[in-house]
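Colleague: quick check, what structure comes out for this input:
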Amino acid sequence: MGNTINSGESLDPSVVGAIGFVMYAALFVLVSYRLIKHQVYGARHPFTLRKSFHIILWFYVALECLSYVPMAFQGEENYTKPFYVLHLLGISCDVTAFSLVTVLWSRTILVDDRRRMNTIFPFVIVVDLAFFGYSLFVCIRLLADYPNRSLDDWAKDSPGYKNLLIAEPCALSFNALCVVLYGIRMVQKLTGLRNWRSLPRGVQIRILMQTFFTMFSCAFCYILRSIMIVLEYFSIERKNQMIETSALWWFGAIWIPTLVPSCLLLFTMRNLDKPPPAPPAPAPRAVPPGNMDEERSWGSFGRSVYGEGASFDDVVGGSSGEEEAGGTPVVVGVGGGGGLQSPLLEGAGGGAEVFEGGLGGGGRSIGQGGRSRSIEF
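Modeller: Numbering: from 1, shown residues only. Modelled structure (predicted):
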């Protein structure tokens, strides 16, 4: 490659290709399995946010895996412009997939502000399409205008590529900011629930850590890649040099910021979309005074995390044994033994569901009063 900055011990291109191909090939198999399961067993609607996330992530992993083929099997000299085009298009798909999950989280936080909630999704889609369109434009310019130049020379001289190095950190940083803000709002909602203070301190800490591990890990990865890309931009602008593909670059700019969020979000989004249930026969239900606002506020969890057809009872009572596990926990009360219990079931007669779990954590069901339902996350 051309003039580069020595940013650490360099990795042999064949090693980079082998590591990258193996990791993305493994992720491709996992994403394909999850996508097939969502399409076969999930809700019939083909383009829920959850399914769209899996579809776009599948395209990203497939493109990224193909881009490593020359370095893994043929040598660095065969890493030509078309394979770099696959990488650029894959990254735009990755950013889009991450942003869809941010939209999904926003539906939970902004349930009381329906106007803002309804404007976020169209805004994100427009921005994602614009970013993909511009990436495609840069790729076309790469293939058409610089047929006889190296990738390093093209990158150092291409205004379009430099603009891309600005646009992507902006998109990722915006995603990170939204995730952090939503995490803070979620903390406020959880700690504002009427029974939160009665939980033991250790239980509170465990719930918060399990809940926000994925959110803040994703935000950290978005910021990490943004910083690395900005460093490359300033390296090109000020020194006319590319950052060398060292271990620091591959781990800090490529593998950690893309693979870690992909795996975490894939785990979080593993719960199937539920088809709209048949209208049940009306049954009386005792709701303690003052809980109607809580039911209305948290009712969106079922629709945003468990699927468009879910209800509030699906969220606080768990899913049926046939449903796939996954999703974000909803803390709506206190149950026995340190578990969490819906306040809407208090005084309603019969048994009450008590559940444990968290975002990215295991779950189990505990029945009271002679009945038990499967509650996993």
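
Colleague: only C-alpha atoms from now on, for both contacts and neighbour counts.
Modeller: Noted.

Colleague: against which helices or strands is whichever strand or helix holds Trp105 packed?
Modeller: Following DSSP states H and E, one finds Trp105 within helix 81-109. Applying 3 or more CA pairs under 8 Å, 6 or more residues apart in numbering; DSSP states H and E, one finds that helix 81-109 contacts helix 49-67, helix 114-145, helix 159-192, helix 256-268, helix 300-301.

Colleague: again, 6 Å this time
Modeller: helix 49-67, helix 114-145 (3 or more CA pairs under 6 Å, 6 or more residues apart in numbering; DSSP states H and E).

Colleague: most tightly packed of the ones you listed?
Modeller: Comparing the helices and strands packed on helix 81-109 by mean neighbour count (mean count of other CA atoms under 10 Å), helix 49-67 comes out on top with a mean of 23.

Colleague: which neighbouring elements make contact with that helix?
Modeller: Against helix 49-67 (3+ CA pairs under 6 Å, 6+ apart) you get helix 13-41, helix 81-109.

Colleague: want to try CSV for the ones you listed, with distance to Cys65, mean neighbour count and mean pLDDT as columns?
Modeller: Output for the helices and strands packed on helix 49-67, formatted as CSV (distance: least, CA to CA, whole Å; neighbours: other CA atoms under 10 Å; pLDDT from 0 to 100):
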stretch, distance to Cys65, mean neighbour count, mean pLDDT
helix 13-41, 5, 18, 92
helix 81-109, 9, 21, 90
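
Colleague: for Arg116, which of those is the nearest?
Modeller: Nearest to Arg116, of all the helices and strands packed on helix 49-67, is helix 81-109, at 9.5 Å by CA to CA.

Colleague: between helix 49-67 and the closest one, find me the angle.
Modeller: Relative orientation of helix 81-109 versus helix 49-67 (axes from the mean of the first three to the mean of the last three CA atoms, to 10 degrees): 160 degrees.

Colleague: quick one on the thing from earlier: for the helices and strands packed on helix 81-109, please prepare TSV with the additional fields distance to Trp196.
Modeller: Formatted as TSV, these follow (distance: least, CA to CA, whole Å):
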stretch	distance to Trp196
helix 49-67	30
helix 114-145	26
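
Colleague: compare the ones you listed and say which comes out lowest on pLDDT.
Modeller: Here the lowest mean pLDDT among the helices and strands packed on helix 81-109 goes to helix 114-145, at a mean of 88.

Colleague: shaky segments in the stretch 251-377 of the chain?
Modeller: 273-377 (pLDDT under 70).

Colleague: try it again with 50
Modeller: 287, 289-377 (pLDDT under 50).

Colleague: lovely, talk soon.
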